[in-house]
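In: following is a predicted model, sequence given first.
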Amino acid sequence: MLQKSKLKKGINNSRKKIALLEQKRTRSQAALVYALLNHTTPNDNDIEYFNQFTVQIENERNHMHELMAELEKLG
């Protein structure tokens with residue numbers, strides 16, 4: 001039972017972390033879309049931030065899916 005609680009807590013923490021990272025990524029995403037719409041070259045920093053946050057989000061999602069799979073195994 002303790003293991004299930006830890007897994008559920010970890011899953012909730014991952015969801016919160018993903019939401020926070022997605023909020024942070026939104027600024028650079030908006031800057032990239034703005035550059036595309038105006039046919040200009042996006043700022044390198046915006047591209048880098050977007051890529052960094054995207055990798056972090058993907059890693060956290062993978063971790064969350066691992067926790068969810070482990071929780072399913074426990075029944």
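Out: Arrived safely.
In: this structure: strands as residue ranges?
Out: Assigned by DSSP state E, the chain shows no strands.
In: pull the longest helix from it.
Out: Longest helix in the chain, counting residues (DSSP state H): helix 2-37.
In: please identify the buried residues of that one?
Out: By 16 or more other Cβ atoms under 10 Å, the buried positions in helix 2-37 come out as 7, 10-11, 14, 17-18, 21, 24-25, 28-29, 31-32. C-beta: built from backbone N, CA, C; applies to glycine.
In: so which elements touch it?
Out: Applying 3 or more Cβ pairs under 8 Å, 6 or more residues apart in numbering; DSSP states H and E, we find helix 2-37 packed against helix 44-74.
In: quick one: the helix it packs on to helix 2-37, angle?
Out: On the basis of axes from the mean of the first three to the mean of the last three Cα atoms, to 10 degrees, helix 44-74 is oriented at 150 degrees to helix 2-37.
In: what comes up buried for helix 44-74?
Out: Within helix 44-74, the residues scored as buried using 16+ other Cβ under 10 Å are 46, 49-50, 53, 56-57, 60, 63-64, 67, 71.
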